[in-house]
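model this:
(3 chains)
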Amino acid sequence: MRLSPLKLLCRALAWAIYALLGVGIVWGLVALVRMNGPVYFFQAVVDGLRLGFVYALIALGYTMVYGIVRLINFAHGDVFMVGAFASYFAITRYGWSFVPAILFAMVVCTLLNIVIERVAYKPLRQAPRIAALITAIGVSFFLEYFTALKFVFSADFITYKRPFEVVVWKIGGVMITNITVIIIVVTTLLLLVLQYIVYRTKMGKAMRATSMDNAAARLMGINVDGVISLTFAIGAALAGAAGVLYAIAFPQIITFMGIMPGLKAFVAAVLGGIGNIPGAFIGSLLMGEIDVLVVSFLPMGSRLRDLFAFLVLIVVFLVKPTGILGEAQVEKV
Amino acid sequence: MSFAKADKLRLPAWIPTLLVAVAIYVGVWYAGSSGLLNAYWYQVVQIAAFTAISALGLNLIYGFNGQFSLGHIGFYAIGAYGSALVTKDYLAKWSGSQVGGLSWMLAGILGVIIVMALIRLARFGRINARVRAFLGADLKQHELGTIVVLVDLVLVALTLALGTVCAWALQRALGWALGALFGALSPAVAQVVVFAIALLAGASLAAVVAYLIGMALLRLGSDYFGIATLGFAIMIYTALQSSDLVIPTMKGARGMVGIPLWTTWSWAFGALCLVLIVMRNLLYSSHGRAIVSVREDEVAARMMGIDVAQSKTVAFAFGGFFAGLAGGLYAHLFGFLHPSTFNIVKGFDPLIIIVLGGLGSMTGTVMASILFALLIEGLRVVLPQGSEDWRFVIYPIFLLLIMLLRKQGLMGRTEWGWLRAPLPPARDIPVPDHLALSVAGEHKEG
Amino acid sequence: MKRVMLAILAVVTVMSVALSGCSTPTPTPKPIPTAIPTNAGAVVPTATAAETASGTFPVKIAIVVPLSGDVKTFGESSRDGAMMAIEEARAAGWPIEVVLADSKCDAQEASNAANKVISEDGAKYIIGEVCSSASIPISQIAEAQKVLQISPTSTNPDVTINEDGSTKQYVFRACFLDPFQGEVMAALAIELGAKKGAILFDVGNDYVKGLAEYAKASFEAQGGEVPVYEAYSKDDSDFSGILGKVAAADVDVIFLPDYYNKNNLIAAQIKEKGIEAILIGGDGWDSPELQFELFEGGYFSNHYSPADPRPVVQDFVSAYEAKYGAVPDALATLAYDAARILLQSIAEAGVDDPTVVAEKMAAIEYEGVSGMISYDEQHNPVKAAAIVKIEGGKQVFYKFVAP
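Residues are numbered from 1 along each chain as shown, chains lettered A, B, ... in the order given. As a prediction, this is how the structure comes out:
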């Protein structure tokens, strides 16, 4: 087939653009690595990874609950805070070690979230979704301000005593602490357990069915209320574990600590495709990397970090409106 | 509006509403000026009024149009800073002349409008189609796409350049014209005019930003849209913290001072009435019916030939306008702006208010705003000394109780008085009262 | 050598006071006696500055501080410090009524709280707020309603001056301004031989941001270099990106102008990154909650040194410890001084009239925990800064810097 010169030119133009983009990206990456040396670059990547795994832990619980009940559970960040405090008391008051402390925090959070679900969400199951969102905000405020009272946790900035010493390894100049390793291991473990529960067990099947169609699931004999309660319990256990690891990574706790990590983790979950467990994971890692790399490499990055992070979110949405791994929503007519 | 001949004894709905409004206005005004209502409560009443304005804006977006937005506080911030920049300029000339900030802002708004109009006039769709038709058969799909994007980019750059030139020229002209206008007015009149222009400029800025954001994001699904707008609000918040790098007088995180204290009860109440009138008339116009139909069923609305995208962006822009107006009133009541006032947690307030009042009820929003202000401030007065920290423990308990006891909010979707949907035009057959009532009563939870 | 001697002397004095629990009366050069209880067990004062100036008429003082929200703990410290001064005056027979109001460190809440205590409760004097962003709206109300405001800790110049540069007649503060403290920090770094410095600050907190800006300007003016000048936000816990830059820049000093809580987090991560640099901070460091082991060898400028042998300091520290079971932090100290400045001014005025009291306050000569205080034209205190070194896990007095 013969092409006219103009069309040939257009084709050349298109390929020139591809080449330019490709060269630009490669050149940019090389420039990034060379700007402050490879150690600097990989250190930033490792730091971003750690932050990303912390976000992932919170995001997993968020996305679980959202996937089943379509509720943006704003109280999740505050359950996360209670988990951190529970482990703090376990460690400093009773001298427990890491594993019992994290299990204790998970149990406390599970119980707490079951109570919250009974009181604040269950009565609103037939009401519009927004009603439950408002009660979630109410629960969030309540937990923050109630626990800040003198006789509960107090409003002090409490230094969190780590249950083990920090060990730093140097691999080719890049520093990795045992905290990073523990966070990555625990998060991966919980992710796998979650995947197993959702995709390999009968309960998980019921969850997925409820997520797809609440009413149909009920008709098929699934105890939808039970499934939802269980979802909240699992989400809370994840929040508890996340709280402990967060406090170990950043050893200071206060009753308002849950708001911002909770929000960012939720945004990360949405970035990856809300309701999708691997999506939440990928979104969180991306968010963590953006946070650290923007600060490390862009001028004024530290001032405008959140601006960049959300710009990425909006750009992703414009390209793929349901997030990276999100499935296109089928409009029910 | 003429009512049914058979219904002559019935008062038009606007008469009692007007009477109540006048009574509230005069009552508060008298109580405030005579000292019955001390400075504290007088301020709380004004806060309730502009909170209602902002919440009405969100109700238009979420309650009536069904678009879940968490970024309302961003528009509130834009309106607050925008109007404050204008009035501060008038008093302190931070930009070098009394009207520098204002003329730049207006020129910017007009520039955006010009660019939008140009883009619409240029008919990108048709140009794209021509390019596709010309190259279509011979090039691969992705090559074609790249070329089209390139063509679009060049076109956008051209319109942007043209818009910038227009805006620059407009700024010159506006600066001269506004300077002459302000110079000609007597100081007392000028203050009123400047304040009104400042409020409108701030609100228009918010509306234009809302329009652009809406255009880009409103095709997202409901919760995705909510998160994207949340991101927008966080971006505004972050930008405000470093705003002193661009406009030094905004002072970033140090807080903007030197804003005149011009908001009074009359301004706040007048703005609230204006917003209610505009919103009511918008909602019961054909545009408004389109807006509400999008909430009820987007697919059905589209099939009925409604331009869904446009009705969404229009509702969003109006909502942003109202939020900006409220922000302007806020700025001139407190005379001080700090980015922390516009953080995300504060952004939940209007959402809480409209759900408490009833999604899709203007009456409910106004009532809930008053209730909200009274609750937060009433707790401050009621709680005994030494237990101040219980205030925000009790407030969420109230919130939970109200939500659990009245799932549909205080008013559901019903309205009161003149805010109700107007009756159908006069007919010869008698319209009995119970039918008139059922028109309003039909708007139940769907 | 002299410094070491002074430090040792100071430590010995603290120890002796703390252990024996009895006062070491040193004559003070100023005419106003400031004998405060020194018995660690009893809080009943014997005499106060206010009493000597015979304040016996009832007054109503409002304390407007954040009593809820994420900086509640700052508000509680301030409230405790101010209440201690007021209770001492009360015990001396002065009928003072106190109104507490929560302002959440927020402009709108603070404005409402100030209006409430003035209009509802009839308070004529306000102690507060902690944050400048909340103090500025209060100061506008105070000016309009002719109510005296003294802020213990708000460092923004706009708190006491109007937009046109004139001084607000009714508004004072008890802390020093960012420019002075920033200079003190920078000069100290230069004195320690630092050439390259990193500055980390909270972009949303005007106190921290102001301190950072002035420290940077002053450090650069004195020949220093600031290759890392990075911001973070209030809710950040992860500083690895910024600290990566710090590590790469190989700096001699790191300026941490934030409050102790954020600095604990940053310093822990500095340790983990293995960065060796001297840490320098401002009065935000002053808290028993500061994790001294992380800041070993660091310096911070403060309003006073707990090791200062002056009885007013020692009495305050021991009385505070006895009452609240903790060492006072900078917030409590400044609130205590602010309350005492206010009480002394009221007593000197002799009438319950904020206008007269404001005149007296503008001309006050007050000796407090944070040193000799008098006010300049813009109602900012003129007082010396104490530099404290962290050595062996405790605070050691280093030197005074006069303004």
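
which ones are touching residue 131?
Using chain A. For A:A131, the contact set (C-beta atoms under 8 Å, 6 or more residues apart in numbering or on different chains) comprises A:L124, B:V355, B:M403, B:K407. Quick note: C-beta positions are derived from backbone N, CA and C, even for glycine.

think we crossed wires, I meant chain B
B:V131 neighbours (C-beta under 8 Å, 6+ apart): B:L144, B:I147, B:V148, B:V151.

kindly report the same for C:V251.
Going by C-beta under 8 Å, 6+ apart, C:V251 touches C:A194, C:K196, C:G197, C:A198, C:P227, C:V228, C:A277.

can I get the residues you listed in a markdown table with distance to chain A?
Listed next are these as a markdown table, based on distance: C-beta to the nearest C-beta, whole Å:
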| residue | distance to chain A |
| --- | --- |
| C:A194 | 22 |
| C:K196 | 16 |
| C:G197 | 16 |
| C:A198 | 12 |
| C:P227 | 12 |
| C:V228 | 10 |
| C:A277 | 16 |
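
enumerate the residues of the stretch 151-300 of chain C near chain B.
Within reach of chain B by C-beta under 8 Å from any C-beta of the partner chain, the stretch 151-300 of chain C has these residues: C:156, C:158, C:162-164, C:203-206, C:209-210, C:231, C:233.

near chain A, from those?
C:V203, C:A231, C:S233.

check the burial of A:D47 by counting its neighbours.
Using other C-beta atoms under 10 Å in any protein chain shown as the criterion, A:D47 is surrounded by 29 other residues.

pretty sure it sits against C:G244.
Yes. In this structure, A:D47 is within contact of C:G244 by C-beta atoms under 8 Å, at 6.6 Å.

shared neighbours, the two?
Counting by C-beta under 8 Å, 6+ apart, the shared contacts of A:D47 and C:G244 are A:V292.

which segments of chain C make up each domain?
Domains of chain C are assigned by automatic domain parsing as C:2-175+C:311-382, C:178-302.

where along the chain do the helices fall?
By default, I'm working from chain A. Taking DSSP state H, the helices of chain A run over residues A:5-35, A:38-69, A:76-92, A:98-116, A:129-147, A:178-200, A:202-212, A:214-219, A:224-249, A:259-272, A:277-297, A:305-319.

wrong one, I was asking about chain C
So, for chain C - with DSSP H - the helices run C:2-20, C:49-52, C:72-91, C:107-115, C:132-145, C:178-191, C:206-221, C:240-249, C:260-273, C:311-324, C:330-349, C:354-362.

and the residue of the stretch 201-350 of chain B that's closest to chain A?
Closest to chain A within the stretch 201-350 of chain B is B:G231: 3.5 Å, counting by C-beta to the nearest C-beta.

surely that residue meets A:V312?
No. The pair B:G231 / A:V312 is not scored as a contact, 9.3 Å apart, by C-beta under 8 Å.

doesn't C:I364 make contact with C:S345?
Yes. Between C:S345 and C:I364 there is a contact under C-beta under 8 Å: 5.8 Å.

which of those two has more neighbours?
Ranked by neighbour count (other C-beta under 10 Å), C:S345 and C:I364 place C:S345 first, with 27 against 18.

per-residue confidence at the closest residue to that one other than its chain neighbours?
Spatial nearest neighbour of C:S345, chain neighbours left out: C:M361 (4.0 Å); criterion: C-beta to C-beta, 6 or more residues apart in numbering or on different chains. You'll see C:M361 listed with a pLDDT of 94.

number of residues surrounding C:M361?
C:M361 has 23 nearby residues by other C-beta under 10 Å.

and the contacts of B:V131, which are buried?
B:L144, B:I147, B:V148 (16 or more other C-beta atoms under 10 Å in any protein chain shown).
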